[in-house]
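Q: Here is a sequence together with a model predicted from it:
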Amino acid sequence: MFTCFSNCFDKLGIIKIENEPQNEENSIALDINYAGQEVVIVKNRSRICGRGGVLGNAPLVQSKSYFEVKIQQDGIWGIGIATKLTNLNTAVGGTDNESWALNSDGVIRHNKQELHKIQSKAQEGDIIGVSYNHVELNFYLNGKSLEVPVMGIKGATYPVLYVDDGAILDFIVDNFLFSPPIGFENIMLEQSLL
């Protein structure tokens, strides 16, 4: 476990663990209140390492939302969306009825079911894009659509990231490395929609 922590902090260019300043109240970040027990969140609440999952702090309320995740260090990981009822003490996404996730093994899962198997697996340094419009969820690998839409998602959903086995993921909510699909934009806070 210490190796994960040192790697997580090493990639930040710091050696010791310090309390980080919190994000502004109105910014999108990883939610320390909805995280697995063995999850470590650093880099102004945009990086996850350790073991387990974490939700984003804002629901996907707009009609076309998009975010990206960079695989800083490979390992076991999952990226997708979930409700606040999902199990965050697991390293694999989609193991319950409350999450839908693309996992490091190339499988998109929901409720322990394999929905799609991806041919080209993501690797360290790759960017996974996620778009959601309340009808379908789509994933992108380095800007290219994986063309495996997930349908039938219900309830208030949030971005979700899972890690284990040394994986380090960065949550990207603006200044995207790849252009979002046409009409999609960064996650907005509810009050900014009014």
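A: Arrived safely. Residues are numbered from 1 along each chain as shown.

Q: List the beta-bridge partners for the residue nearest the centre of the chain.
A: For the chain, the residue whose C-alpha lies nearest the mean C-alpha position (C-alpha atoms, centre = their mean) is residue 161; its distance is 3.3 Å. Each beta-bridge partner of residue 161 is listed here, defined by DSSP bridges: residue 54, residue 79.

Q: Can you name the element that comes right after the lowest-mean-pLDDT helix or strand in the chain?
A: Evaluated with mean pLDDT, DSSP states H and E, the helix-and-strand set of the chain has its lowest mean pLDDT in helix 2-10, which scores a mean of 54. Stepping forward along the backbone from helix 2-10, the first helix or strand reached (DSSP states H and E) is strand 30-35.

Q: Direction included, what does that following strand pair against?
A: Paired with strand 30-35 in the same sheet, following DSSP bridges, are strand 47-56 (antiparallel).

Q: so after the partner strand, what's the next helix or strand?
A: Using DSSP H and E, the next helix or strand after strand 47-56 towards the C-terminus is strand 65-73.

Q: quick one on the thing from earlier: what residues are up against the residue nearest to the centre of the chain?
A: Under the criterion of C-beta atoms under 8 Å, 6 or more residues apart in numbering, the contact list for residue 161 reads 30, 48, 53-54, 69, 77-79, 169, 171. Bear in mind the C-beta positions are built from the backbone N, C-alpha and C, glycine included.

Q: Redo those residues as JSON lines? Include pLDDT.
A: Shown next, in JSON lines, are the contacts of residue 161 (pLDDT from 0 to 100):
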{"residue": "30", "pLDDT": "98"}
{"residue": "48", "pLDDT": "98"}
{"residue": "53", "pLDDT": "98"}
{"residue": "54", "pLDDT": "98"}
{"residue": "69", "pLDDT": "98"}
{"residue": "77", "pLDDT": "98"}
{"residue": "78", "pLDDT": "98"}
{"residue": "79", "pLDDT": "98"}
{"residue": "169", "pLDDT": "98"}
{"residue": "171", "pLDDT": "98"}
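
Q: filter these to the buried ones?
A: Burial of the contacts of residue 161 was assessed by neighbour count (16 or more other C-beta atoms under 10 Å); the buried members are 30, 48, 53-54, 69, 77-79, 169, 171.

Q: Do you know the pLDDT at residue 12?
A: At residue 12, the predicted lDDT confidence score is 47.

Q: low-confidence ranges in this structure?
A: Residue ranges of the chain with pLDDT under 70: 1-26, 191-194.
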